[in-house]
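Novice: Based on what follows, work out the 3D shape:
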Amino acid sequence: MKTRILLAATIAAALSFTGYDRHHLSAQDLKVGSAAPELAIEHWLQDGNGFFKPVTKFEKGKVYVVEFWATWCGPCIQSMPHLAEIQNKYRGQGVQVISVSNETVEEVKDLLGKNHPQTGKPFSELTSAWCLTTDPDGSVYKDYMEASKQGGIPTAFLVGKTSEIEWIGHPMDMDGPLEAVVNDTWNRADFEKEMSLQQALQANMQKVSMLAGAGKFDEAVQLAQEQRKATEGTPLEAQWTSIQYQLKLMGGMIDEDVLSHFRGKLTEMKGDAYAVGQFAYTLYGQIKQGADVGVLASETLNSLQAEVEGADAEMLPLLFNTMALLKSETGDLAGAVAAQQAAIDAAPDERVKKRLSTLLEDLQKRLADSQKSSE
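Specialist: Numbers count the residues shown, from 1 in each chain. You can find the predicted model right below:
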């Protein structure tokens, strides 16, 4: 079961590198073409610096993006600069971006008082471009996310000029559909075909997960290769390619081709501390489950160290903690202790320091035991 859970997380991480919309439709009640439910949002915290008004009913002829997010959601935080760009691009063209959390006002305001880890800008400044809201009773989440069977955030719903749902997906994949809807060139039929492909992807991913969960990595890789060939020339080809490499990594099928693939990913992520940290944590999980990742572990640690040197202070505890975990699984207990101590030193408050200290104590004990056994 643990292997299967890890595989699901690994595949999700792999697909995030390719822009895969893992929240594509399995909708039954709310779907593309449905009338967009009214918005019963309780708290509007940002309004585009006074440019926008709160929305309940959608106005004909206008376009809306209803995006679901949370303060604890890393991909949601990563998407924020993009949402600001989109809103600024279409400001004055009848497009309104509305982000909806179901957290308390205090939780959201706490985030607004911090700096965005990628841009360094205060969250309050970054999110002032569009409408940031929260709906603690969860009614809007129920009307959209639950009604369309969406399982994760961030997820965006594109409401078109007829007040109907035109598209559902990850906000980072929204540019093309949004432009087409604004310019009246959007083709729902083409999107429905794409949905069918995505549904087939979901079914085959389940098969891959079952095979890998049973330790049948050769068969899982073969199925991924078959799907990659079957989807050649489509956006799914890149997605199956990533899955194939992840499966090889988990199955210990490390060769120069696999190493080259992941080295390329590390190069692409350079300068994005969050992405490198996420990749490193995924790699740690694979090693913990028995995967032999070879020199990729040390190369990932080098990439982590490079990100530490220029990272925002708020990212440092996460990066050092991830470094400690990865070092601990590669046998460098002394380095793991030093990294975890650095995570504690960089922690913003005593609550976080206390939580991080638990791992430090465990690492220190393991190091002491290791030193005794070698004497």
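Novice: Check whether Ile98 sits in a helix, strand or coil.
Specialist: Classification of Ile98 by DSSP: H, G, I helix; E, B strand; the rest coil places it in strand.
Novice: show me what contacts it?
Specialist: 39, 41, 55, 64-67, 130-131, 133 (CB atoms under 8 Å, 6 or more residues apart in numbering). (C-beta placed from N, C-alpha, C; glycine too.)
Novice: Would you convert those residues into TSV that also reports neighbour count and secondary structure?
Specialist: Shown next, in TSV, are the contacts of Ile98 (neighbours: other CB atoms under 10 Å; DSSP: H, G, I helix; E, B strand; the rest coil):
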residue	neighbour count	secondary structure
Leu39	22	coil
Ile41	20	coil
Val55	19	coil
Tyr64	22	strand
Val65	24	strand
Val66	27	strand
Glu67	28	strand
Trp130	27	coil
Cys131	27	strand
Thr133	24	strand
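Novice: Out of those, which is nearest to Asp369?
Specialist: Asp369 lies nearest to Glu67 out of the contacts of Ile98, by CB to CB, at 49.0 Å.
Novice: Specify the beta-bridge partners of that closest one.
Specialist: Ser99, Ala156 (DSSP bridges).
Novice: now do Val63
Specialist: Where Val63 sits in a bridge, its partners, by DSSP bridges, are Val95.
Novice: That one reaches Val95, doesn't it?
Specialist: Yes: using CB atoms under 8 Å, Val63 is in contact with Val95, at 4.7 Å.
Novice: hey, what's in contact with both of the two?
Specialist: 178, 182.
Novice: can you give me the helices in the stretch 151-300 of the chain?
Specialist: Ranges of helices within the stretch 151-300 of the chain are 175-182, 188-213, 217-230, 235-250, 256-268, 273-288, 296-308, based on DSSP state H, counting those that start in this stretch.
Novice: Now tabulate those helices in CSV and tack on mean neighbour count, mean pLDDT and distance to Gly138.
Specialist: Below are these laid out as CSV (neighbours: other CB atoms under 10 Å; pLDDT from 0 to 100; distance: least, CB to CB, whole Å):
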stretch, mean neighbour count, mean pLDDT, distance to Gly138
helix 175-182, 17, 96, 26
helix 188-213, 16, 82, 25
helix 217-230, 18, 91, 36
helix 235-250, 22, 87, 31
helix 256-268, 14, 91, 36
helix 273-288, 21, 88, 27
helix 296-308, 19, 92, 36
